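# structure of the sequence below:
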Amino acid sequence: MASRKTARARRGFTLIEVLVVLALIAVLTGLAALSAGAAGSPVTREARRLAATLKLATDESRLQGRVLGLSFRYDGYSWLELVSGETEPGAGPDFLWQALPGRGALAPRSWPQAMRFELRIDGRMVTPAFAAAASAPQIVLLPEGEFTPFSLRLVGTRDAGATMRFSSSGQFELEGT
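Numbers count the residues shown, from 1 in each chain. Down below sits the predicted model:
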């Protein structure tokens, strides 16, 4: 019996033991990467969150064939959907923007701190809406995967800022702290 234990000790680690160690290293590396990414400024974190949400909304629009819109407000932003409204007999289709339900990733979002921002479309400054779902959105996402190209400059309370640029094909560029 003692010879079996010494023989096993000389063979080394089993495959299961090696896989468990590799899995632990992967989890710890992932946690370290997440905590390092979270160390950025609140403005940068919010810019990255918006970019991720915009990517998700673009995918949602493509998969479900829906026209979505992004409406910026002074205190945050909200997502809208273009839906057909009630029409009179003989009249053409009537479409209107409707706010998406207030839950999930595409729920209305308030800025996490006092921020000011500049929204530009085609190089021109765009005024944000006052209400949560005021009329038409500034940014439209089409089911073909394209959306209104825009740039957004977020500036936090300490004048630390980030500028995001989105092309019509979904390319994203982030500058700033």
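# report the buried residues of the longest strand along the chain.
Counting residues, the longest strand found in the chain (DSSP state E) is strand 76-84. By 16 or more other Cβ atoms under 10 Å, the buried positions in strand 76-84 come out as 76, 77, 78, 79, 80, 81, 82. For the C-beta atoms, the positions are set from N, CA and C on the backbone; glycine is no exception.
# can you get me the start-to-end distance on stretch 112-128?
Distance across stretch 112-128, first residue to last, is 17 Å (Cα to Cα, to the nearest Å).
# what's next to the longest strand of the chain, contact-wise?
Residues from elsewhere that reach strand 76-84 (Cβ atoms under 8 Å, 6 or more residues apart in numbering): 50, 57, 66-71, 93-100, 106-111, 132-133, 137.
# now that strand - C-alpha only, PDB.
These are the backbone C-alpha positions of strand 76-84, laid out as PDB (Å, rounded to 0.1, in the frame of the first residue of the first chain):
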ATOM      1  CA  GLY A  76     -29.600  61.200 -18.600                       C
ATOM      2  CA  TYR A  77     -30.900  59.300 -21.600                       C
ATOM      3  CA  SER A  78     -33.800  56.900 -22.500                       C
ATOM      4  CA  TRP A  79     -34.500  54.400 -25.300                       C
ATOM      5  CA  LEU A  80     -37.500  54.600 -27.600                       C
ATOM      6  CA  GLU A  81     -39.100  52.400 -30.200                       C
ATOM      7  CA  LEU A  82     -40.800  53.400 -33.400                       C
ATOM      8  CA  VAL A  83     -44.200  51.700 -33.400                       C
ATOM      9  CA  SER A  84     -47.200  51.900 -35.700                       C
END
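# now the next helix or strand after it: buried residues?
For strand 76-84, the succeeding helix or strand toward the C-terminus, using DSSP states H and E, is strand 95-99. Neighbour counts using 16+ other Cβ under 10 Å place 97, 99 of strand 95-99 among the buried residues.
# tell me the mean pLDDT for strand 95-99?
Across strand 95-99, the average pLDDT comes to 86.
# thinking again about what came up before, for the longest strand of the chain, give the mean pLDDT please.
In the prediction, strand 76-84 has an average pLDDT of 88.
# please state the offset of it from the chain centre?
Relative to its parent chain, strand 76-84 has a centroid offset of 15 Å by Cα atoms, centre = their mean, to the nearest Å.
# by how many degrees do it and strand 95-99 diverge?
On the basis of axes from the mean of the first three to the mean of the last three Cα atoms, to 10 degrees, strand 76-84 is oriented at 140 degrees to strand 95-99.
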